[in-house]
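> Turn this into a structure:
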Amino acid sequence: MGQKVNPIGLRIALNKNWRSRWYAGKKEFANLLQEDIGIREAVKKRLPDAAISNVFIERYANRVRVTIRTARPGLVIGRKGEDIEQLRTQLSTTTKKEVYVEIDEVRDPDLDASLVAESIAMQLERRVSFRRAMKRAIQMAMDTGAEGIKIQAGGRLGGAELSRTESYKDGKVPLHTLRANIDYGVATARTVAGAIGIKVWICKKEQKAKA
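Model (predicted):
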């Protein structure tokens with residue numbers, strides 16, 4: 001089960017939280033869900049180089065709070081806050097609601113699974129050896145203080161004729177242990193040979209369960 005279920009979804013009741021926090025009836029749910037997907041796509045498209053880990057969305061009546069977790073807050077904010085204001089205006093126009101944009105800085109990018117996966121994907125697109133990219137990411141995470149890390153890459157690795165899956169692991173990554181603080185991230189590298197999927201599991205120090 002640990003290999004087949006998203007580790008974050010599996011732990012939502014225990015030590016993880018929803019990325020979209022709102023409630024809606026049956027009639028409104030589908031539209032709001034599509035709106036959430038649109039907001040995330042717009043943020044990623046507008047800020048492709050800002051090292052965005054996650055986008056959290058909260059709703060209150062006709063107001064939407066968008067919290068962007070990023071390793072490069074300066075790129076998101078822009079000079080004198082111009083970029084973040086333009087983003088807020090764009091999202092307000094698209095959703096036709098009052099939007100507040102907040103920034104949450106990622107202190108350790110090497111311990112964020114989404115950012116590690118995107119970093120490896122970018123290296124593969126620049127034709128760096130997949131083994132070198134994966135082993136370097138593992139070393140950086142372990143040096144930063146991770147208890148364990150596992151990286152899996154699948155596709156035409158190294159431009160090979162046949163696609164295959166390779167994974168590397170260091171430390172402990174107990175996917176079945178629900179109290180384990182597992183971070184999970186996915187990215188896709190668009191290489192000349194085709195798409196290569198990257199999955200990253202990072203085990204951090206245990207958090208106390210929510211009351």
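
> Pop the domain breakdown of the protein in here.
Residue ranges for each domain of the chain read 13-105, 109-204, as given by automatic domain parsing.

> measure the residue of the chain positioned farthest from its centre to residue 173 for me?
Relative to the mean C-alpha coordinate of the chain, counting by Cα atoms, centre = their mean, the farthest residue is residue 161 (29.9 Å). Using Cβ to Cβ, to the nearest Å, one gets 31 Å for the distance from residue 161 to residue 173. All C-beta spots, glycine's among them, are computed from the backbone N, C-alpha and C.

> rank the domains of the chain by pLDDT, which is bottom?
Lowest mean pLDDT of the domains of the chain: domain 13-105, a mean of 91.

> Pull the distance from that domain to the chain's centre.
Taking the mean of its C-alpha atoms, domain 13-105 sits 14 Å from the chain's own mean (Cα atoms, centre = their mean, to the nearest Å).

> okay, how far is it across it, tip to tip?
One end of domain 13-105 to the other measures 25 Å (Cα to Cα, to the nearest Å).

> Identify the residue nearest residue 54 in space, chain neighbours excluded?
Excluding the flanking residues, the one nearest residue 54 by Cβ to Cβ, 6 or more residues apart in numbering is residue 69, at 4.4 Å.

> Show me the strands in the protein, by range?
Assigned by DSSP state E, the chain shows strands spanning 20-21, 52-60, 63-70, 98-105, 148-155, 164-171, 181-190, 195-204.

> Would you reformat those strands as CSV and include mean neighbour count?
Shown next, in CSV, are the strands of the chain (neighbours: other Cβ atoms under 10 Å):
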stretch, mean neighbour count
strand 20-21, 14
strand 52-60, 18
strand 63-70, 19
strand 98-105, 15
strand 148-155, 22
strand 164-171, 13
strand 181-190, 19
strand 195-204, 22
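
> pretty sure the residue nearest to residue 54 contacts residue 47?
No: counting by Cβ atoms under 8 Å, residue 69 stays clear of residue 47, with 11.9 Å between them.

> show me the contacts for residue 154.
Contacts for residue 154 (Cβ atoms under 8 Å, 6 or more residues apart in numbering) come out as 163-166, 196-197, 199.

> cool, residue 21 as well?
Here residue 21 is in contact with 56-59 (Cβ under 8 Å, 6+ apart).

> likewise residue 94?
For residue 94, the set of contacting residues under the criterion of Cβ under 8 Å, 6+ apart consists of 38-39, 42.

> From residue 163, how far off is it?
Distance, residue 94 to residue 163, using Cβ to Cβ: 37 Å.

> What's the local residue count around residue 141?
A total of 27 residues lie near residue 141 under the criterion other Cβ atoms under 10 Å.

> hang on, I meant residue 62
Using other Cβ under 10 Å, the number of residues around residue 62 comes to 9.

> Test my guess that it contacts residue 97.
Yes: contact status for residue 62 versus residue 97: in contact at 5.1 Å, counting by Cβ under 8 Å.
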